[in-house]
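In: Let's see this in three dimensions:
(one chain, ligands or ions: 1)
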Amino acid sequence: MNRTTKLLLVALALCMTPVLSASGQDLKEMDRQTYLLAGQQIFKNPPGDCSACHGWNGTGRAHDHIYAVDFDAGGPSLSLSKMTRDEMIHMVSCGSVASNGVNVMPQYRPDAWTPAYPCWGKLAADIPADQRPLRTGWNLTHAQIEAVVDYIQDAYQGKLMNWDWCSTYFDDFKRMCEVWRDYGAQ
Ligand code: HEC
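Out: Residues are numbered from 1 along each chain as shown. Here you go, the predicted model:
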């Protein structure tokens, strides 16, 4: 899938899915499980929509249930990530100037690469315009970035998504999670 097709799919997903509106203050007042579920919504839907590239189960692979095939979603596995929480927060805020040849990690924090939030010590002016991270137009607050990273660390990093997290991911969870389990993911 080329980058334009991918962006079109991401744009389509934006039209079809509800936008999470929890503010930083709301997130701070939630109990841990509700907070992680808010992180899951950011992962799943715009304005995060991380699942578009990292896969719904965080492995970087997506599954097509109709044709029963796995395909590369374009982003690396978060289960295998060795990043600390702070490193992940920085990566999601800034995006990545590197491309893995398939896709690029978008920048989610609007003031990243400015003096307010330099990225790896650099400002936008330090790198050529055509090498800057992708801006999808979707912005996350610092609190939303923390929530999605905490969800990733709880549900994916160092492990595979389990039944409990799967059951909160899909509305029609029984059908989706049973198909997934039948493919040996658990
Ligand atoms: C358009 C595709 C795309 C989207 C959408 C996307 N990512 Fe990424 N992500 C990537 C790619 C590609 C990389 C690899 C970047 C690199 O190696 O420099 C990456 C890297 C990462 C990493 C670092 C993993 C590691 O250990 O190297 C984290 C963490 C991450 N993304 C989290 C997120 C989160 C959270 C979201 C949603 C808020 C998100 N990504 C949305 C494509 C995407």
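In: Get me the contact residues on this protein for the ligand.
Out: When proximity is defined by Cβ under 6 Å from any ligand atom, the chain lies next to the ligand at 48-50, 52-54, 74-76, 78, 81, 83, 88, 91-92, 96, 98, 100, 103-106, 108, 148, 152. Placement of C-beta: from N, CA and C, glycine included.
In: Counting neighbours, what do you get for residue 163?
Out: 13 (other Cβ atoms under 10 Å).
In: what comes into contact with stretch 144-154?
Out: With contact meaning Cβ atoms under 8 Å, 6 or more residues apart in numbering, stretch 144-154 is reached by 20, 22, 24, 27, 35-36, 38-40, 42-43, 47-48, 50, 58, 78, 81, 85, 88-89, 92-93, 108-109, 140.
In: Can you give me the buried ones in that stretch?
Out: Neighbour-count burial for stretch 144-154, counted by 16 or more other Cβ atoms under 10 Å, picks out 144, 145, 146, 147, 148, 149, 150, 151, 152, 153, 154.
In: Return the subset of the residues you listed lying in helices.
Out: The members of those that map onto helices under DSSP state H are 144, 145, 146, 147, 148, 149, 150, 151, 152, 153, 154.
In: Would you convert those residues into CSV that also reports pLDDT?
Out: As requested, these are exported to CSV (pLDDT from 0 to 100):
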residue, pLDDT
144, 97
145, 98
146, 97
147, 97
148, 98
149, 98
150, 98
151, 97
152, 98
153, 97
154, 96
